[in-house]
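Novice: I'd like to go over a predicted model; first the sequence, then the structure.
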Number of protein chains: 2
Amino acid sequence: MPGTVEPRLLRGLRDLMPAEMHARQWIIDTIRRVYENYGYVPLGTPALEFLDVLRGTAGEESEKQLFEVAGPEETRLGLRFDQTVALARVVAQYPDLPRPFRRYQVAPVWRCDNPYEKRGRFREFIQFDIDAVGVESELADVEMITAMCDVMSAFGAAGPTGRPLPFRVRVSSRRVLNLLLPYAGIAPERASDVFRVLDKLDKLGAEKVRLELTTGYKDESGSPVPGLGFSGAQVDRIERFLAIRAPRRDDVLAQLAELFRDVPGAAAELEPLARVSAQLRALGYGDEVVVYDVSIARGLAYYTGTVFETELRELPEFGSVCSGGRYDDLVWRFLGERVPAVGTSVGVDRLLVALTELDRIPPPARRKATAQVLVTTFDKNLMDDYVAMTYELRRAGINTELYLGTEKRVGKQIRYADQYDIPVVVVCGSDEKARGEVQLKDMSVGRRLTAEVKDRNQWRAERPGQFNVPRAELVPAVQRLLRTIAAERV
Amino acid sequence: MPGTVEPRLLRGLRDLMPAEMHARQWIIDTIRRVYENYGYVPLGTPALEFLDVLRGTAGEESEKQLFEVAGPEETRLGLRFDQTVALARVVAQYPDLPRPFRRYQVAPVWRCDNPYEKRGRFREFIQFDIDAVGVESELADVEMITAMCDVMSAFGAAGPTGRPLPFRVRVSSRRVLNLLLPYAGIAPERASDVFRVLDKLDKLGAEKVRLELTTGYKDESGSPVPGLGFSGAQVDRIERFLAIRAPRRDDVLAQLAELFRDVPGAAAELEPLARVSAQLRALGYGDEVVVYDVSIARGLAYYTGTVFETELRELPEFGSVCSGGRYDDLVWRFLGERVPAVGTSVGVDRLLVALTELDRIPPPARRKATAQVLVTTFDKNLMDDYVAMTYELRRAGINTELYLGTEKRVGKQIRYADQYDIPVVVVCGSDEKARGEVQLKDMSVGRRLTAEVKDRNQWRAERPGQFNVPRAELVPAVQRLLRTIAAERV
């Protein structure tokens, strides 16, 4: 009889098998190490928030992405779509929290949008955020940028090859974008319309953006995309702005100063970016890792100052794996108080897909097993011995599995160890028992036999892959074998 | 102007501040160490499942607790209320997964029931589960029980006092409960009704359970609770069964054998429990940590064999902090195949509340800060020096915060370090700068001054709590000071 319910998941959701879970945990631990080095402290908030708390912060786009939840007592709830809204709530709800409040939070978020799993876009995914709340100084922005660089560098250093992971943090500022408005003769109240369209530059390309800024166009399905009605001269100016590009940050700033030379107050608005760049240089973050790029606008409506995105240079099509910026008004809705803040968010699951595709997860971080030893159990009369050996190994700190499946034959049980990549197998039949011995199998030898070695007989003679030890020496013998395997792996 | 949205959470949801997050992480890490020692491997599944996948597994009670979620594309979703249903789905969905599949999963679950936060009952809480799927042998049950014991023992060993944490695993079996049916003349189809009522024994007490089994009664609000209509003689027999209690497992088994001596097949049904007890004893798990207790029935409908609960002996009113059992039919719904399995689940958040109430969280595991050093920033002219010192310390592996808040005065900045329990503060004004020095403040001295020391002047002379070091020796001096503080703490 077949089952009555089909086992399946919604598109954009996925299960992570042990090897992937280990890899994700390695990513999280690596990021956490960097962020704790910067002194950020952990915060936890529930996945469920009241709908009115979630709404009205992050712009229309994000609201459409809300998973709504029916709560008890007639309440309307939603799953968080980011961690910043909850942070703003926390800052508002606990007024005694000393500031700056510099917290990290690593937790899943949910977005009901179109998933693209091959590029690491899911409907449920883990974000690793840091935010500093109550910081006015642009040094806080510098710290965010260097922290992002340090995280990316850590993956290079910790990876299987030890070679750097090529990345680039692209930095811009809402305040620079704001200079575009007087320069191109755009009324301030149309700013968010313009920025929303500019934010699609990477996705749609220059031509469609130009059409959307002017007359509009028909998309692939034939639906009309309305134009914003700007003049050709205005769009020329917008395009001149977007054309600014240079490998050196100072050159970008010089081009901006030149472009905006007639805009009142432009020099003062560009000054902070110049200081940030100088600080970055002094700390060793050169033009090759942090670039100024005015074409990034960041989709979310709440950024007010510096914005940044991080791309993996070997996978630019993945988009940003770590983004953020300065948002000084997010707590306003709760407190009616302006609280300056800056933050950034790593897309852990996107990074997992990207680093996997780049083969950047070191083998120990993508192991299938936690067990170092499998104790086989093929002779019913010796079950008490198997149990005793297992607990002896465990109590010596060796992760050990006792085989309790349905396969009776030792060969099948050894195959099970192979399937789960358990490196050592203990075999004890009545012969071994009678001699007071146990057999240890080094599974890595078998694997190498298949993979590399032509002359099996010769190899077997040199490195047998299995040998007997006295029962009383089980623990130290396994410890020695595990050390040998670990040393060979390096 | 006040805010327009009230910052608040649904009852039963809560925020965890840094000290609590550290404590919870310590609990999770402690459990994970034990379970990896047993060779369990991590699995991740999404929080959102299709409603039909979640439904019809865990009995009426659990279904009422479902948080329903409106999905995209007209789908109906729900938040998982446990991790076992998702495990069953995974086993069904990936038929190539080698068995036994022994996985751990640590993740939040959601239950829309009545919270009682002081006793650690929340509407969103983390469970740490292990399950072994595809294991028939009762040795798998033994492993579950010893793993639970080892987890609880680990909290005693790792705790602030090092003294054991008194706990008790209460074990029973659905198969023993099934013997009650012929013994008390209860038709098999009424079994689940009876067990559901018996499961309320801890909560309601013997008298109300008796009434519910017979005539029914009116609860505190005056609502009628219908009776099941059993006779007095039948309930006498049920009570005789429930009265079985003994400190030694073998005595419980002897009493059961005596009670059920006229029930056909009873001896064979009791035999597994006798073997489990013998195995436990051989492995050193005596009657003081694992008791047989027929009064536990476990609320969820899916258990088919051994069931167990764990109580903290110093907090029996918290109920079970770790429970599970054998469930051989959970995959049936998906596959039409019977897959034997056994599992157990730690209520991490309940345990966090309990261990906090018992003062069992060691101080390093409930620290507020991750930063070991705060670099103060009170002289605007020296900002470059402050930044340089901060990154020097960080690059030496010392977690360091650069003060970037709005307080200008050094005293207020030091107070900030005190509020967040940052142990070392670096102070450098124009005087220190001129002399090529920096001042280090040992914050623990100040704290001890307030807490313990009567004669402040004498103490200050002996252990000044602040001293100057050459700027060039900042890093080694801070490392020395941190070692001193750590040594004093022990």
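Specialist: Sure, I can see it.
Novice: May I see the buried residues of stretch A:217-232?
Specialist: A:228, A:230 (16 or more other C-beta atoms under 10 Å in any protein chain shown). C-betas here are computed from N, CA, C, even on glycine.
Novice: Dump the C-alpha coordinates for it into CSV.
Specialist: Extracted as CSV, the C-alpha positions of stretch A:217-232 are listed here (Å, rounded to 0.1, in the frame of the first residue of the first chain):
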residue,chain,number,x,y,z
TYR,A,217,8.2,49.8,-22.3
LYS,A,218,6.5,46.4,-22.7
ASP,A,219,8.2,43.5,-20.8
GLU,A,220,8.7,40.0,-22.1
SER,A,221,5.1,39.0,-21.3
GLY,A,222,3.8,42.0,-23.2
SER,A,223,2.7,43.9,-20.0
PRO,A,224,3.3,47.6,-20.1
VAL,A,225,5.9,48.9,-17.7
PRO,A,226,4.9,52.6,-17.2
GLY,A,227,7.6,55.3,-17.7
LEU,A,228,8.4,57.9,-15.1
GLY,A,229,8.2,60.6,-17.8
PHE,A,230,11.6,62.2,-17.4
SER,A,231,13.1,64.1,-20.3
GLY,A,232,16.0,62.9,-22.4
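Novice: Report the mean per-residue pLDDT for that stretch.
Specialist: Averaged across stretch A:217-232, the pLDDT comes to 91.
Novice: can you check stretch A:332-343 too?
Specialist: Taken as a whole, stretch A:332-343 carries a mean pLDDT of 91.
Novice: Any residue of that stretch touching chain B?
Specialist: Yes. Under the criterion of C-beta under 8 Å from any C-beta of the partner chain, chain B is reached by stretch A:332-343 at A:332-337.
Novice: Which of the residues you listed fall within helices?
Specialist: Counting by DSSP state H, the part of the residues of stretch A:332-343 next to chain B found in helices is A:332-335.
Novice: Highest neighbour count among the residues you listed?
Specialist: A:F334 (24 neighbours; other C-beta atoms under 10 Å in any protein chain shown).
Novice: ok, now how distant is the residue lying closest to that one once chain neighbours are set aside from A:E337?
Specialist: Of all residues not flanking A:F334 in the chain, A:A92 sits nearest, at 3.4 Å (C-beta to C-beta, 6 or more residues apart in numbering or on different chains). In this view, A:A92 and A:E337 are 8 Å apart by C-beta to C-beta, to the nearest Å.
Novice: Neighbour count for those two, which is higher?
Specialist: A direct count of neighbours by other C-beta under 10 Å for A:A92 and A:E337 places A:A92 higher, at 24 against 14.
Novice: quick one: contacts for A:V263?
Specialist: Contacts for A:V263 (C-beta atoms under 8 Å, 6 or more residues apart in numbering or on different chains) come out as A:179, A:182-183.
Novice: List just the nearest of those residues to B:V41.
Specialist: Distance from B:V41 was checked for each of the contacts of A:V263 by C-beta to C-beta. The minimum falls on A:L179, at 54.4 Å.
Novice: Return the residues in contact with the closest one.
Specialist: A:256, A:260, A:263, A:266, A:269.
Novice: Just send the ones in helices among the residues of stretch A:332-343 next to chain B back as CSV, with distance to B:A246 too.
Specialist: Converted to CSV, those look like this (distance: C-beta to C-beta, whole Å):
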residue, distance to B:A246
A:W332, 65
A:R333, 62
A:F334, 58
A:L335, 61
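Novice: what ranges do the helices span in the stretch 1-150 of chain A?
Specialist: Assigned by DSSP state H, counting those that start in this stretch, the helices in the stretch 1-150 of chain A fall at A:18-37, A:51-54, A:59-64, A:84-93, A:138-158.
Novice: now the ones you listed as JSON lines including mean pLDDT?
Specialist: Shown next, in JSON lines, are the helices of the stretch 1-150 of chain A (pLDDT from 0 to 100):
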{"stretch": "helix A:18-37", "mean pLDDT": "98"}
{"stretch": "helix A:51-54", "mean pLDDT": "93"}
{"stretch": "helix A:59-64", "mean pLDDT": "64"}
{"stretch": "helix A:84-93", "mean pLDDT": "95"}
{"stretch": "helix A:138-158", "mean pLDDT": "94"}
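Novice: Please point out which parts of the helix or strand hosting A:V425 sit buried.
Specialist: Taking DSSP states H and E as the definition, A:V425 sits inside strand A:424-427. Residues of strand A:424-427 classed as buried: A:424-427 (neighbour count, 16+ other C-beta under 10 Å).
Novice: out of the residues you listed, which touch chain B?
Specialist: Near chain B, judged by C-beta under 8 Å from any C-beta, there are no entries from the buried residues of strand A:424-427.
Novice: Export the residues you listed as TSV, with columns for pLDDT.
Specialist: As requested, the buried residues of strand A:424-427 are exported to TSV (pLDDT from 0 to 100):
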residue	pLDDT
A:V424	97
A:V425	97
A:V426	98
A:V427	97
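Novice: do you know how far A:S320 is from chain B?
Specialist: According to C-beta to the nearest C-beta, to the nearest Å, A:S320 and chain B sit 23 Å apart.
Novice: follow-up on the earlier one: which secondary structure elements does the strand holding A:V425 sit against?
Specialist: When contacts are defined as 3 or more C-beta pairs under 8 Å, 6 or more residues apart in numbering or on different chains; DSSP states H and E, strand A:424-427 sits against strand A:373-375, helix A:410-419, strand A:437-442, helix A:474-489.
Novice: Partner strands of it, with direction?
Specialist: Applying DSSP bridges to the sheet, strand A:424-427 is found paired with strand A:373-375 (parallel), strand A:437-442 (antiparallel).
Novice: Go ahead and name everything in contact with that strand.
Specialist: Contacts with strand A:424-427, where a contact means C-beta under 8 Å, 6+ apart, come from A:372-376, A:389, A:410, A:413-414, A:417, A:438-443, A:466, A:474, A:478, A:481-482, A:485.
Novice: Contact residues of the stretch 351-490 of chain A facing chain B?
Specialist: For the stretch 351-490 of chain A, the residues in contact with chain B (C-beta under 8 Å from any C-beta) are A:368-371, A:374, A:383-384, A:387-388, A:391, A:394, A:397-406, A:416, A:419-420, A:422.
Novice: Point out where chain A drops to low pLDDT.
Specialist: For chain A, residues meeting the criterion pLDDT under 70 lie at A:1-2, A:56-62, A:297-301, A:446-464, A:490.
Novice: which residues sit in contact with the residue nearest the centre of chain A?
Specialist: Centroid-nearest residue in chain A, with C-alpha atoms, centre = their mean: A:V348, separated by 1.7 Å. A:V348 sits next to A:24, A:27-28, A:31, A:106, A:125-128 when contact means C-beta under 8 Å, 6+ apart.
Novice: Can I get these in a markdown table including neighbour count?
Specialist: Listed next are the contacts of A:V348 as a markdown table, based on neighbours: other C-beta atoms under 10 Å in any protein chain shown:
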| residue | neighbour count |
| --- | --- |
| A:R24 | 23 |
| A:I27 | 25 |
| A:I28 | 17 |
| A:I31 | 24 |
| A:V106 | 20 |
| A:F125 | 23 |
| A:I126 | 20 |
| A:Q127 | 21 |
| A:F128 | 24 |
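Novice: What separation do you get for whatever residue of the stretch 151-300 of chain A ends up closest to chain B and B:G78?
Specialist: Nearest to chain B in the stretch 151-300 of chain A, going by C-beta to the nearest C-beta, is A:L283, at a distance of 5.6 Å. A:L283 is 48 Å from B:G78, where distance means C-beta to C-beta.
Novice: Could I have the buried ones of the contacts of strand A:424-427 as ChimeraX selection syntax?
Specialist: Buried subset of these, written as a ChimeraX selection, criterion 16+ other C-beta under 10 Å:
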select /A:372,373,374,375,376,389,410,413,414,417,438,439,440,441,442,443,474,478,481,482,485
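Novice: any idea what sits nearest A:A365, other than its immediate chain neighbours?
Specialist: A:W26 (3.6 Å).
Novice: still on that earlier bit, got any residues that touch both of A:A92 and A:E337?
Specialist: A:331, B:3.
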